[in-house]
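J.: Coordinates only, no sequence provided:
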């Protein structure tokens, strides 16, 4: 049974309100159809592509000029130089060599910086791509977590419902559990919607906005806490806790949380590497022209405050 | 003269090569098991390295074990160690598994590489840890717990190979946090009495009037994870043996799953009609035969003799221990066996 089917079933059974169901659905669909995932990235890519083409064209033009001039001054490969005549007319040989040297020096002075520029530019592009890849991995793990929420809510709520039907007296503990569960569902639905909205509105550009990324972090944190609360509710019921079905669900949740942590760690590492490159010279010059923007770290406000300063080595 | 000197050189070369091969084997063993926390004996480490070597040969899975004390966040440690050790590099398709045991924090984690996440999902890994490995750890048998878990890994790999479940391409090395973590509970005690899963009636677990009925009752008990060693369907010797055994929930489930696909032949009895065997076609290599002894109340399962006579090979295929002495040979008089005791059939 898929997440959407579970939500519909829980809505029919009165476990979820219409609003909660709508919010959970929102959290499941990362991006609605027809809306671009990366509103600003194509522009950046486009600019970079043009930059690359212009630089490449310049280098090719330089090489072509150099070849034409070199061939022109060389006097043709089929002519045999009269060494004796050259020796008798002093300065002729030296003039030919001098003009070639000037052209060569000019070419080297232009080509070498251009090649260096291209090399730095391509290096930054690769590092930025690694940031995007790491973010895509993080996002896919968010989606994985969002898909698990309905299964968790469904399993726990159904078990509690079964308990209240089979036992005659509704104990105080069970009433507390139901209240905890209702609050956790509400929180999960709201946090899921907030996270979904952020990702939909900002797309991949969210990684360039410090505040938005922090908001996303907080929303994802609330989802994680909501799921932990639901698991804690289940912990009070040994039968449910010891079942293979619950073990499976718990393993999936823990696995997803762990994957998110690993993806977050790798994303922050790639951002650190990229940010360092666009702030250090000479990369900073290339970054300025190529519209390479600083990326935000995916961390809480407290983590950001306690994070070590950017290292320059 | 020249011939003798070249023979001497060849002899030296062979010796050097043999030495290098020996060193390489030792290095491979050291790589497979890094027992920094000294939880196992040298023999146990060698046994694990041997079995994990088979896993690499048969299924191209590079399975390493690391024990270390106070590793901090074990999940974080496992991801980093996985990369540091290059787990999966011994595999052509980058299939890697890393088991980390931290006795100081009493935690265990099996980290699964990207390529194997489809074959060993988190839920399966958690199941292996909780239902198979940890019971042995509780009985303070760490090496046995690791090997018991490897059995399930092999079974899973076999099924994946049979159903084309493995990804044949080495599309990504390393791990991304797949796997599961559990409390290791090392040395905290395990009793099969505390593992009784069902509240079955005594008649449902009594020795049956025929070997087939007893076997049916045994498999039902296993299905409900009834690990009570005192069930009446066992012989007295079996009951005594099982009291000192670790019978895990996963083993019980595995027995039921394995025999669900086996086609039993009619029970064969010896001339005195006090011993019986239920066997399966020799081609069904994972379906080991069952031994029964007639008692006062019916046919009882003789697991003691099965334990003594039957061994399982690297692909969970059964064979007879040719050195073991048992009275159930009458049921296999029409079969041939190879030099290692594997049945060939008639």
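T.: Okay, I see it. Worth saying up front: this structure is predicted, and the values here are computed from it rather than measured.
J.: same question for stretch B:304-315, mean pLDDT?
T.: For stretch B:304-315, mean pLDDT rounds to 89.
J.: oh, I was asking about stretch B:178-188
T.: 93.
J.: One more: stretch A:143-163?
T.: Stretch A:143-163 comes out at a mean pLDDT of 76.
J.: Next, the buried residues of it.
T.: A:143, A:145-157, A:159-160, A:163 (16 or more other CB atoms under 10 Å in any protein chain shown). Just so you know, the C-beta spots here come from the backbone N, C-alpha and C atoms, and that holds for glycine as well.
J.: Remind me what the helix or strand where residue B:77 lies packs against, helices and strands.
T.: With elements taken from DSSP states H and E, the one containing residue B:77 is helix B:74-85. Counting contacts by 3 or more CB pairs under 8 Å, 6 or more residues apart in numbering or on different chains; DSSP states H and E, helix B:74-85 is packed against helix A:244-279, strand B:61-67, strand B:95-102, strand B:107-112, strand B:178-183.
J.: Nearest to residue B:203, out of the ones you listed?
T.: Among the helices and strands packed on helix B:74-85, helix A:244-279 comes nearest to residue B:203, with 27.5 Å by CB to CB.
J.: Just the buried residues of the helix or strand following that closest one, please?
T.: Later in the chain than helix A:244-279, the nearest helix or strand by DSSP H and E is helix A:283-289. Buried positions in helix A:283-289, judged by neighbour count with 16+ other CB under 10 Å: A:283, A:286, A:287.
J.: follow-up on the earlier one: rank the helices and strands packed on helix B:74-85 by pLDDT, which is bottom?
T.: Looking at the helices and strands packed on helix B:74-85, the weakest mean confidence is helix A:244-279, a mean of 86.
J.: If I take that one and strand B:107-112, what angle do their directions form?
T.: Here helix A:244-279 runs at an angle of 70 degrees relative to strand B:107-112 (axes from the mean of the first three to the mean of the last three CA atoms, to 10 degrees).
J.: What angle do strand B:178-183 and helix A:244-279 make with each other?
T.: 120 degrees.
J.: And helix A:244-279, what does it pack against?
T.: Secondary-structure packing of helix A:244-279 (3+ CB pairs under 8 Å, 6+ apart): helix A:92-166, helix A:210-235, helix A:283-289, helix B:74-85, helix B:122-128, strand B:178-183.
J.: Quick one: mean pLDDT for stretch A:122-129?
T.: Rounded mean pLDDT across stretch A:122-129 is 88.
J.: same deal with stretch B:231-242?
T.: Mean predicted lDDT for stretch B:231-242 stands at 93.
J.: measure that stretch end to end?
T.: End-to-end distance of stretch B:231-242 (CA to CA, to the nearest Å): 10 Å.
J.: quick one: residue A:112 and residue A:289, what's the gap?
T.: As for residue A:112, its distance to residue A:289 is 18 Å (criterion: CB to CB, to the nearest Å).
J.: actually residue B:150, sorry about that
T.: 57 Å.
J.: Now do the domain split for chain B, please.
T.: B:29-183, B:192-345 (automatic domain parsing).
J.: mind checking pLDDT for residue B:59?
T.: pLDDT, residue B:59: 92.
J.: Quick check: chain neighbours aside, which residue is closest to it?
T.: Spatial nearest neighbour of residue B:59, chain neighbours left out: residue B:157 (4.3 Å); criterion: CB to CB, 6 or more residues apart in numbering or on different chains.
J.: Could you confirm the one you found falls within a helix?
T.: Yes - assignment of residue B:157 by DSSP: H, G, I helix; E, B strand; the rest coil places it within a helix.
J.: Near residue B:310, how many other residues are there?
T.: 20 (other CB atoms under 10 Å in any protein chain shown).
J.: wait, it sits on residue B:322?
T.: No - when contacts are counted by CB atoms under 8 Å, residue B:310 is not listed as touching residue B:322 (11.5 Å).
J.: got any ranges where the stretch 201-346 of chain B has weak pLDDT?
T.: Low-confidence segments of the stretch 201-346 of chain B, defined by pLDDT under 70: B:201-202, B:345-346.
J.: what bits of the stretch 1-150 of chain A have low per-residue confidence?
T.: In the stretch 1-150 of chain A, residues with pLDDT under 70: A:1, A:11, A:13-15, A:24, A:26-60, A:62-97.
J.: got the residues of it near chain B?
T.: Listed as neighbours of chain B in the stretch 1-150 of chain A under the rule CB under 8 Å from any CB of the partner chain: residue A:137.
J.: which one is residue 124 nearest to, not counting chain neighbours?
T.: You didn't pick a chain, so chain A it is. Leaving out its chain neighbours, the residue that sits closest to residue A:124 by CB to CB, 6+ apart is residue A:292, at 5.3 Å.
J.: um, chain B though
T.: Here the residue nearest residue B:124, using CB to CB, 6+ apart, is residue B:156, at 6.6 Å.
J.: you'd agree the one you found is up against residue B:121?
T.: No - under the criterion of CB under 8 Å, residue B:156 is not in contact with residue B:121, lying 10.0 Å apart.
J.: circling back to that earlier point, let's have the domains of chain B in CSV, adding distance to residue A:221.
T.: Shown next, in CSV, are the domains of chain B (distance: least, CB to CB, whole Å):
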stretch, distance to residue A:221
domain B:29-183, 17
domain B:192-345, 35
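J.: Quick one: closest of the ones you listed to residue A:10.
T.: Using CB to CB, the nearest of the domains of chain B to residue A:10 is domain B:29-183, at 21.7 Å.
J.: Distance from the chain centre to the closest one, please.
T.: 14 Å (CA atoms, centre = their mean, to the nearest Å).
J.: Pull the contacting residues for the residue in the stretch 101-250 of chain A positioned nearest to chain B.
T.: The nearest approach of the stretch 101-250 of chain A to chain B comes at residue A:248, 3.9 Å away (CB to the nearest CB). Applying CB atoms under 8 Å, 6 or more residues apart in numbering or on different chains to residue A:248 gives the contacts B:123, B:126, B:127.
J.: can you check residue B:64 too?
T.: B:31, B:32, B:33, B:34, B:52, B:85, B:87, B:96, B:97, B:98, B:99.
J.: Closest one of these to residue B:232?
T.: Nearest to residue B:232 among those, with distances taken as CB to CB, is residue B:99, at 38.6 Å.
J.: so who does the closest one touch?
T.: B:63, B:64, B:65, B:66, B:108, B:109, B:110, B:111, B:146, B:149.
J.: As a markdown table, those residues with distance to residue A:9 would be great.
T.: Formatted as a markdown table, these follow (distance: CB to CB, whole Å):
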| residue | distance to residue A:9 |
| --- | --- |
| B:63 | 40 |
| B:64 | 43 |
| B:65 | 43 |
| B:66 | 44 |
| B:108 | 36 |
| B:109 | 34 |
| B:110 | 33 |
| B:111 | 35 |
| B:146 | 41 |
| B:149 | 36 |
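J.: Out of those residues, which comes closest to residue A:273?
T.: residue B:111 (24.1 Å).
J.: What's opposite the closest one in the beta bridge?
T.: Counting by DSSP bridges, residue B:111 is bridged to residue B:98, residue B:179.
J.: Could you measure from it over to residue B:187?
T.: Taken as CB to CB, the span from residue B:111 to residue B:187 is 24 Å.
J.: Who has more neighbours out of the two?
T.: Each of residue B:111 and residue B:187 has its neighbours counted (other CB under 10 Å); residue B:111 has more, 28 against 14.
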